[in-house]
Structures are given as structure tokens and as C-alpha cells.
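S.K.: here's a sequence, model it:
(one chain, ligands or ions: 1)
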Amino acid sequence: MNRREFLQGLAALVAAQSTSGYLWAEAPPPWTLGFEGVEEDLPPRAMRVRGEFPAQCRGSLYRNGPALYARGLQRYQHWFDPDGMVQAFRIAAGSVEHQGRFVRTHRFKQEEKAGRFLHGGAGTNFEDALPVRNNESTNVANINVQPLNGELLAMWEAGSAYRIDPDSLETLGTLEFDDSLRGVPFSAHPHFDERGELWNIGSVLFAHQPTLVLYHLGADGRLQKSAAVPMDFPGYMHDFVLTPRYLIALNSSAVLGAGDNFVDRLHWEPERPSQLLVFDRNDFSLRATIEVPATFVFHFGNGWEEGDNIHFTACAYRDMDIVSVGMFRLAQQQPGPYHDASALVHYTLSLSPGSAETTSLGIDMEFPGYDTRRPFSAQMLSGAAGQGEADSRLASAVVRVDPRTGDSERFDYGEGVVVEEPLFVPGPDEGYLLHSFLDYRQGRSGIAALKAGRLADGPVASADMERVLPLGFHGCFLPA
Ligand SMILES: [Fe+2]
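M.R.: This is a model prediction of the structure:
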């Protein structure tokens with residue numbers, strides 16, 4: 001072998017290794033199996049069932065998350081980036097079937113045809129990427145899937161929602177309102193009120209003016225009203241809180257500035273207070289702007305009101321390292337350290353004068369869930385927790401916590417299992433929690449159901465299969 005052949009061989013080796021994102025000599029840490037991704041749709045497949053899923057849990061558990069990590073030698077470098085796949089776990093008496101299908105976004109179809117990624121991701125740059133013309137050219141619809149008017153919506157946070165057929169998982173098109181809202185961000189965490197009507201936000205720069213768009217949709221999916229409200233600064237926003245009278249958004253201290261891609265443009269500004277923006281649900285008027293110490297939040301628990309006070313919980317981070325460090329390392333299948341665990345905090349707001357009190361509930365938790373039939377009551381929250389000190393930092397426990405006292409109960413699968421967002425399913429006693437999981441030691445993915453009131457007993461039923469599914473973000477359960 002001459003020097004040139006040697007260098008060509010080395011270049012090929014580096015290119016091959018970099019498609020897995022992992023450039024070190026050792027094997028990737030085992031928990032990063034869930035970040036390898038899949039290349040094709042996953043056709044319906046029967047799972048191995050253990051125990052018996054309660055009748056109330058029969059139906060479909062839908063999940064969405066980043067799934068297509070690579071095309072050819074190109075590979076995304078950040079967990080925000082890969083194209084979304086909607087997965088369905090169909091639970092029947094004695095059987096569970098799994099299916100996964102990529103959301104056919106405008107971008108997915110173009111890039112499938114081209115055989116390569118044409119655009120960079122939220123945290124990845126590719127050489128020779130095409131310029132971004134609008135939000136839809138980069139929308140990967142990979143964060144959440146929720147029902148609306150007999151269909152599912154696959155949602156991202158910087159573009160339109162995609163409509164999905166709940167049976168075939170086929171992509172039906174984008175959710176459209178009127179021309180003024182075409183392509184305007186429709187965030188990934190809509191909330192439903194007591195009447196089943198949908199409320200949402202979208203954060204966008206209109207001609208360099210940071211703007212928050214507010215949406216109110218009827219249960220039939222039609223737009224009831226919207227508003228575009230200028231903001232003081234472009235802080236990162238992901239979720240919000242709905243109460244009987246108010247919609248509350250957090251303008252966080254992770255602020256969009258200059259940079260090479262979306263993640264690079266986010267700068268943590270610890271000296272800049274975050275803002276709680278309190279809007280009146282009736283007319284979307286801004287009732288109060290309440291400053292709080294710099295915080296970073298992806299997810300809020302449900303909100304409720306007591307007299308003139310507004311209550312809610314937040315899974316709060318000290319900074320934005322989870323985005324600027326952790327999600328790069330996980331997607332690149334690198335060892336940690338990744339980031340700090342999020343702490344559950346109880347907020348009490350008063351509007352006259354505007355003030356916020358916070359109480360730490362002493363529990364690390366993410367992916368808060370609750371009984372969506374009574375969205376505005378102080379009720380038990382569920383979540384994924386644990387492993388804050390372990391190398392993986394990925395949750396291994398299902399937890400349930402009282403947001404008023406911090407009293408909690410949990411079931412911890414221990415190291416080797418990654419627990420994804422638990423969803424509340426109504427049932428006898430205190431109902432059930434249903435969640436998907438990855439058992440990275442066994443190389444198996446699956447779902448499990450636990451009695452919400454008896455978490456420590458562990459799963460009453462589970463189903464798994466001999467393959468690893470990509471770890472995702474959010475979903476919903478629709479009873480049969
Ligand atoms: Fe989220």
C-alpha cells in the first residue's frame with residue numbers, strides 16, 4: 001500500500017465512522033443505541049406480550065420522535081434534527097402490534113428523491129446545503145403527535161403541523177388556516193381545555209421583531225381566533241400553561257442571536273431575567289409580564305387557579321446545556337457528561353401586582369403528564385425520572401408526584417432501561433400509566449402499563465420486540 005492508498009483508506013474509514021457520529025476507538029455507550037436511528041418505515045409487527053393489558057389500555061399509543069439520522073454518509077449531529085417518525089403501538093386483548101412511518105414532510109419527500117439531506121438541521125450544518133427559503137423547507141415534524149378532529153397532528157415547533165391518518169399513519173398534508181398564518185410556527189405542545197378545544201403558541205421573528213403567535217382552535221380543528229404579540233426579546237419557547245382564564249408562556253433566557261444554525265444561535269444569558277407572559281384567554285390581551293430569575297424550561301405541568309392565584313409546575317434547568325451540549329453528545333453516540341437533571345418547581349403567580357413565587361418540589365423529573373379530562377385541577381403529575389447521577393442521565397423510572405407537597409412514588413427499572421414519557425390512562429382506582437421504553441442491555445424496545453396508584457408494584461403488563469426503536473419525545477393514547 002502506498003501513502004496515497006493509505007490516506008484514501010484512512011479517509012474512507014473516518015467517513016464510515018462519522019456516519020455513526022462516533023469517532024472514538026471504543027464502542028458507543030450502550031444507552032446511545034436509541035440514537036442510532038432507522039432508515040426505513042417499520043411495517044406492522046407483532047410484539048411479545050407479558051401479562052395482560054387492562055381493558056382501559058386497549059387502543060393505540062402513538063409516539064413521535066427523531067428517527068432518520070442519516071442519508072448516505074451524511075449524519076445529523078443533534079437530537080433535534082432527524083426526520084420524525086410516528087409510531088403506533090396497537091394494544092388489543094392478548095396482542096400488541098407496532099408500526100412506524102416517517103412523516104412525509106415537504107423536506108422528507110425532496111430529500112428522499114435527492115438521496116441526500118439538502119438542508120442542515122437545527123444543530124447540524126452540511127456542506128453544500130441549500131439556503132433556507134422558509135420554515136417549511138426545514139420542518140421535520142419530529143416532536144409530538146396529538147389527536148385533532150379524527151386525525152393526528154405530527155408537530156415540530158418552527159413550522160406547520162402535519163396531518164396523519166391514525167390507522168395507516170400516512171401523511172395527509174399540512175394543517176392550514178388562512179393565508180396570514182401559512183407556514184407560521186405551530187408549536188409542538190398544544191393544550192386542550194375542558195371543552196376539547198385546542199390552544200397553542202408559535203414563536204417567530206417577523207421582520208426581526210420577536211413575536212409570539214397565539215392560536216385557539218375549536219374541537220373541529222377550525223381556527224377560532226389568533227393573535228401576533230410582539231415580545232421584548234427572542235427567548236426559546238417550547239411549551240406553555242393553560243388555566244381557565246389564562247395562557248402563560250415563558251420567554252426564557254436562552255436567547256436567539258447570531259450563529260451558524262438554530263442551536264448555535266441560542267445563547268444562554270444568565271443575567272437576563274426570564275419573562276412569564278400572562279395572556280387573557282378571551283381576547284389574547286397581555287395581562288401581565290412577570291420577571292423571574294433566568295431559567296430554561298421545556299415542559300410545564302398543568303395549570304390551575306385558586307382565587308386570584310395561578311398555579312403550575314415546570315421541569316426547570318439551571319441553564320441550556322441540555323440543548324447546547326447533551327443533545328449533541330447523545331445524537332453522536334458519545335459518552336457524557338450530558339447535562340443536569342431538571343428539577344420540578346411549583347410556581348404561584350399573582351397578577352396584581354404581578355409576582356411569582358417558586359417552590360422546589362425536590363424531585364428530578366421530565367415529560368410531565370396528567371389526567372387530561374380535568375386539565376385545570378391540582379392533581380397528581382406523572383413523569384420520567386431517575387438516573388440523574390448515572391452516566392447515561394436518561395430516565396429509568398416512572399414517577400408520580402403531588403405538585404402541592406412534592407410527595408412522590410416511583411418504580412425504577414434500574415440501569416439498562418430508558419423510560420419514555422408516561423401517559424395517564426383513566427381506569428379503576430387511580431388509573432394507569434402507559435409508557436414506551438428501551439432495554440438497551442437486551443436490545444429490545446417495548447411498552448409497559450403500571451397501576452398509577454401502585455407504581456412500586458411495577459408493570460402489570462408489557463410488550464416488547466427484538467429490535468431497538470429510536471428514542472423519541474412525546475405522544476398520546478387513544479382508547480379503542
Ligand atoms: Fe416537548
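S.K.: low-confidence ranges, the stretch 201-350 of the chain, go.
M.R.: Within the stretch 201-350 of the chain, not a single segment meets pLDDT under 70.
S.K.: show me what contacts the closest residue to Asn135 other than its chain neighbours?
M.R.: Nearest in space to Asn135, with sequence neighbours left out and distances taken as CB to CB, 6 or more residues apart in numbering, is Gly159 at 3.9 Å. Backbone N, C-alpha and C define where each C-beta goes, glycine included. Residues in contact with Gly159, defined by CB atoms under 8 Å, 6 or more residues apart in numbering, are Asn135, Glu136, Thr138, Asn139, Ala141, Gly183, Pro185, Phe186.
S.K.: of the residues you listed, which is the most crowded?
M.R.: Within those, neighbour counts (other CB atoms under 10 Å) peak at Ala141, which reaches 30 neighbours.
S.K.: correct me if wrong: it contacts Arg104.
M.R.: No - using CB atoms under 8 Å, Ala141 is not in contact with Arg104, being 9.1 Å away.
S.K.: who touches both of those two?
M.R.: Counting by CB under 8 Å, 6+ apart, the contacts common to Ala141 and Arg104 are Tyr162.
S.K.: thinking again about what came up before, and the residue nearest to Asn135, helix, strand or coil?
M.R.: Recorded secondary structure, Gly159: coil (DSSP: H, G, I helix; E, B strand; the rest coil).
S.K.: Met327 versus that one, what's the distance?
M.R.: Using CB to CB, to the nearest Å, we find Gly159 at a distance of 19 Å from Met327.
S.K.: Glu366 now?
M.R.: Distance, Glu366 to Met327, using CB to CB: 13 Å.
S.K.: check what pLDDT Gln8 gets.
M.R.: Per-residue confidence (pLDDT) for Gln8: 42.
S.K.: actually, Ala16.
M.R.: So, for Ala16, pLDDT stands at 42.
S.K.: count of residues packed around the closest residue to Gly65 other than its chain neighbours?
M.R.: Distances taken as CB to CB, 6+ apart place Gly472 nearest to Gly65, at 1.9 Å, with adjacent residues excluded. The number of residues packed near Gly472 is 25, by other CB under 10 Å.
S.K.: so for the helix or strand that Ala288 is a member of, what gets flagged as buried?
M.R.: Taking DSSP states H and E as the criterion, Ala288 maps to strand 286-292. For strand 286-292, a neighbour-count test (16 or more other CB atoms under 10 Å) marks Ala288, Ile290, Val292 as buried.
S.K.: including distance to Leu175, could these go into JSON lines?
M.R.: Below are these laid out as JSON lines (distance: CB to CB, whole Å):
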{"residue": "Ala288", "distance to Leu175": "30"}
{"residue": "Ile290", "distance to Leu175": "32"}
{"residue": "Val292", "distance to Leu175": "32"}
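S.K.: how near is Gly159 to Pro422?
M.R.: Remark: distance between Gly159 and Pro422 (CB to CB) = 28 Å.
S.K.: just Ser137 next, same as before
M.R.: On the measure of CB to CB, Ser137 and Pro422 end up 35 Å apart.
S.K.: okay, the two: which has more neighbours?
M.R.: Pro422 (29 against 17).
S.K.: quick one: contacts for that one?
M.R.: The neighbours of Pro422, taking CB under 8 Å, 6+ apart as the test, are Phe367, Gly369, Ser382, Gly383, Ala384, Val398, Leu433, Leu434, His435, Leu450.
S.K.: using the three-state scheme, assign Ala316.
M.R.: strand.
S.K.: touching, it and Ala343? I think so.
M.R.: Yes - when contacts are counted by CB under 8 Å, Ala316 is listed as touching Ala343 (5.6 Å).
S.K.: ok, the two, which is more surrounded?
M.R.: Ala316 (22 against 17).
S.K.: any idea what the more buried one is bridged to?
M.R.: Val297, Ala343 (DSSP bridges).
S.K.: repeat for Leu349
M.R.: In this structure, Leu349 bridges to Ile310, Ala356 when assessed by DSSP bridges.
S.K.: helices of the protein, residue ranges please.
M.R.: In the chain, helices defined by DSSP state H lie at 3-19, 106-114, 262-265, 321, 327-331, listed in chain order.
S.K.: not counting sequence-adjacent ones, nearest residue to Phe80?
M.R.: Nearest to Phe80 is Ala122, by CB to CB, 6+ apart, at 4.1 Å.
S.K.: what's the burial count for the one you found?
M.R.: Neighbour count for Ala122, taken as other CB under 10 Å: 23.
S.K.: that one against His78, yeah?
M.R.: Yes - at 6.2 Å, Ala122 counts as touching His78 under the criterion of CB under 8 Å.
S.K.: what sits in contact with each of those two?
M.R.: Common contacts of Ala122 and His78 (CB under 8 Å, 6+ apart): Val263.
S.K.: and the strands in the stretch 101-250 of the chain?
M.R.: Counting by DSSP state E, counting those that start in this stretch, the segments of the stretch 101-250 of the chain that form strands are 144-148, 151-155, 162-164, 171-174, 191-192, 198-206, 209-217, 223-230, 240-242, 246-251.
S.K.: looking at those strands, which is nearest to Tyr69?
M.R.: Tyr69 lies closest to strand 151-155 among the strands of the stretch 101-250 of the chain, at 17.7 Å (CB to CB).
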